[in-house]
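Student: Give the three-dimensional model of this entry:
(one chain, ligands or ions: 1)
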Amino acid sequence: MGSRSGLITIGLVVDTAEDQAEAWAEWLKEELSRGLRQDFPRFDWRLSVLRRHDFPKALPKDPLLLLEFGSDVKIEYNLDFVLVLTSYPLKARFEQGINGVPSNLLETAVITTSKVVENRDREHVQRALLALSRHVLGHLWGLDHSENSVMRPRKFWTGTGPVDWSRGEKRQIESFLMEVADPRLEETAGAARSRWRFYLQVLIREKGAIARDIFLFRSWLMMLHLGRFIAATAVSIIFLFLSAEAWEMGAAIQSFWLDFILVGVILAATLSLYYGQNLQGIAASDRMMEQAVRSRIVLFGTLAVGMFAFWVNLVILSSGIIYLLPDSVLCGWAGLGKGMELPVFHYAKLMATFGILASAVGGNLEEEQDIKAVLVYSEET
Ligand SMILES: [Zn+2]
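Tutor: Model prediction:
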C-alpha cells in the first residue's frame, strides 16, 4: 500500500481576494521549505499555496472560523498541517491584539500579516513573519514555550529575537514528525470498514499521542474560561446543600452506586456538551480518515477529562463547606443518629456529582463559539 517514506505536507491557505496575503504565502512557502529541508533533511517536505474562493469573508476575521476552515481544507487535500494566512486583523478572544492562533487539535494554525507589516522595513517584516510562522508550527509539532528560541512568547512580532528552534527542540520535532510521516491508517490494508472498529483501531494505534494531546490541552484549565458554566454549578451546589432531601438521598445511596452514577453523569455531561455545542461538526469528514477520527477522539477526551477535573475541584470545595457547617444539623438532615460520624467524602462526592449534572445544562447556555475556542485554541499569540 501507499508508502509515504517520510513525506510531510503543509498547505498555506489564502483567500483569492487577498493579494497581499497571497504574495506573503508564496514567499513563506519558499522560505519555510528551505529552512525545514535544512533543519530536518530526513523528511520529504512538500509545501503548497492553496488559493480559495470560499475563504470565510466575515469581518473581523474570527480565528476559530479560519481554523475550522483550514482543518476542512486539510482533510480535503489529505495534508498533514495547514497554515491559514490573512492580511486582515484577527479577532482576539482571551488576549489583546493577536497575530496568530495555533490549534494542536486541528493540526492547523492561522496567522495574520496585518500587524507584522507595520514594521519599519521589509527585512524586519520578513523576519517577523518567518518567526511567527515557525512559532505556531512549533506548537503544532508539540513544542512548549522557551526563552532561548523562536518559541519565546512575544506580544509584538517585530523581527528582533530568535527565529530558529534550539537543538533540543529540533530533536523533539523530529521524533514528533516521525509518527506523522507514517502511513495513515486508511492507507494500510488492515483498516476496518465499519465505523466503530475504525475508531477503535485509531484509539489503539495512537493511544500515546492521543493521551499526550488531551493533557497538552490543559483540559483541567478549560473550565476556568467558562464563567456561566461555573456559575450554574455554584448555584446548584448551594441549593443542594440547603435541601434536606439531598442529604437524605445521600444516606440512601451506597458508595458503590454513587461511583456508578458518577461515571454515568460525567459521560452524560460530556455528551450533552459535545452535541449541545455542535462540537461534532469539528473535523467532520465523509470518509473515515485517521486524522479526522483522531481529532474527534481528542476533542471528546479533552471534554471528559476537563469534566472530571472539574468534579475533583467540586469535591474539594464541597468537603470544605461540609467541614464548616455544624455537624449536628447535617447529621439531622442525613438522618444519622447521635454519635454517628458524618461520611464527609461520601457527601462531597454526591454534591459534586449532582453539581456536574446541573452544570452540563449551564454549559449549553455558554456562547457556542467561546466553548469551541477554549477547546480548539492552543494559544493566542
Ligand atoms: Zn506560543
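
Student: make it CA atoms for all contacts and neighbour counts henceforth
Tutor: Noted.

Student: for this structure, what spans make up the helices?
Tutor: Using DSSP state H, the helices found in the chain span residues 19-39, 63-77, 122-140, 167-181, 195-205, 207-216, 219-222, 227-242, 244-252, 255-276, 290-324, 327-333, 344-363, 368-376.

Student: buried stuff in the fifth one?
Tutor: It refers to helix 195-205. By 16 or more other CA atoms under 10 Å, the buried positions in helix 195-205 come out as Phe198, Tyr199, Gln201, Val202, Leu203.

Student: CSV for the residues you listed, including distance to Val73?
Tutor: As requested, the buried residues of helix 195-205 are exported to CSV (distance: CA to CA, whole Å):
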residue, distance to Val73
Phe198, 22
Tyr199, 22
Gln201, 24
Val202, 21
Leu203, 24
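
Student: Of the residues you listed, which is the nearest to Met178?
Tutor: Val202 (16.9 Å; CA to CA).

Student: worst average pLDDT in the helices of the chain?
Tutor: For those, the bottom mean pLDDT is recorded on helix 219-222, which sits at a mean of 62.

Student: The residue lying closest to Thr86 once chain neighbours are set aside: what's it in contact with?
Tutor: Distances taken as CA to CA, 6 or more residues apart in numbering place Thr112 nearest to Thr86, at 4.9 Å, with adjacent residues excluded. Counting by CA atoms under 8 Å, 6 or more residues apart in numbering, Thr112 touches Leu85, Thr86, Ser87, Tyr88, Pro89, Leu90, Asn99, Gly100.

Student: returning to that earlier point: ok, which of the helices of the chain comes nearest Ser146?
Tutor: Judging the helices of the chain by CA to CA, what sits closest to Ser146 is helix 167-181, at 9.5 Å.

Student: which residue sits closest to Phe198, ignoring its sequence neighbours?
Tutor: Closest to Phe198 by CA to CA, 6+ apart is Ala192, at 5.1 Å.

Student: try Ser378
Tutor: Among residues not flanking Ser378 along the chain, Ser103 sits closest, at 5.0 Å (CA to CA, 6+ apart).

Student: now swap in His145 and tell me
Tutor: Met151 (4.9 Å).

Student: Just send the helices of the chain back as a markdown table, with distance to Leu12 too.
Tutor: Output for the helices of the chain, formatted as a markdown table (distance: least, CA to CA, whole Å):
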| stretch | distance to Leu12 |
| --- | --- |
| helix 19-39 | 6 |
| helix 63-77 | 9 |
| helix 122-140 | 11 |
| helix 167-181 | 18 |
| helix 195-205 | 27 |
| helix 207-216 | 23 |
| helix 219-222 | 29 |
| helix 227-242 | 35 |
| helix 244-252 | 56 |
| helix 255-276 | 30 |
| helix 290-324 | 18 |
| helix 327-333 | 62 |
| helix 344-363 | 35 |
| helix 368-376 | 19 |
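
Student: which one of those helices lies closest to Trp157?
Tutor: Relative to Trp157, the nearest member of those by CA to CA is helix 122-140, separated by 5.4 Å.

Student: would you put the C-alpha positions of stretch 270-289 in PDB?
Tutor: What follows is stretch 270-289, C-alpha atoms only, in PDB (Å, rounded to 0.1, in the frame of the first residue of the first chain):
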ATOM      1  CA  THR A 270     -19.700  15.300  28.200                       C
ATOM      2  CA  LEU A 271     -22.100  14.000  25.600                       C
ATOM      3  CA  SER A 272     -24.500  16.900  26.300                       C
ATOM      4  CA  LEU A 273     -21.800  19.500  25.800                       C
ATOM      5  CA  TYR A 274     -20.400  17.700  22.800                       C
ATOM      6  CA  TYR A 275     -23.700  17.600  20.900                       C
ATOM      7  CA  GLY A 276     -25.300  20.700  22.500                       C
ATOM      8  CA  GLN A 277     -22.400  22.800  21.300                       C
ATOM      9  CA  ASN A 278     -22.200  21.200  17.900                       C
ATOM     10  CA  LEU A 279     -18.700  20.100  18.500                       C
ATOM     11  CA  GLN A 280     -19.300  17.000  16.300                       C
ATOM     12  CA  GLY A 281     -19.000  19.500  13.400                       C
ATOM     13  CA  ILE A 282     -15.300  20.000  14.100                       C
ATOM     14  CA  ALA A 283     -13.000  17.900  11.900                       C
ATOM     15  CA  ALA A 284     -16.000  16.200  10.300                       C
ATOM     16  CA  SER A 285     -15.300  14.100   7.200                       C
ATOM     17  CA  ASP A 286     -17.400  12.000   4.900                       C
ATOM     18  CA  ARG A 287     -14.700   9.400   4.600                       C
ATOM     19  CA  MET A 288     -13.200   7.600   7.500                       C
ATOM     20  CA  MET A 289      -9.800   9.200   7.900                       C
END
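
Student: Please work out which residues outside that stretch touch it.
Tutor: 68, 71-72, 75, 106, 184-186, 195, 198, 292-293, 295-296, 300, 303-304, 307, 360-361, 363-364, 368, 371-372.

Student: one step back: nearest to Val116, of the helices of the chain?
Tutor: Across the helices of the chain, Val116 has its closest neighbour in helix 122-140 (5.9 Å, CA to CA).

Student: can you give me the angle the closest one makes with helix 167-181?
Tutor: If you take axes from the mean of the first three to the mean of the last three CA atoms, to 10 degrees, helix 122-140 sits at 60 degrees to helix 167-181.

Student: For the residue nearest to Thr113 when sequence neighbours are not counted, list the residues it contacts.
Tutor: Closest residue to Thr113 apart from its sequence neighbours, by CA to CA, 6+ apart: Ser87 at 4.9 Å. Listed by CA under 8 Å, 6+ apart, the contact partners of Ser87 are Glu18, Gln20, Ala21, Thr112, Thr113, Ser114.

Student: rerun at 7 Å
Tutor: When contacts are counted by CA atoms under 7 Å, 6 or more residues apart in numbering, Ser87 touches Gln20, Ala21, Thr112, Thr113, Ser114.
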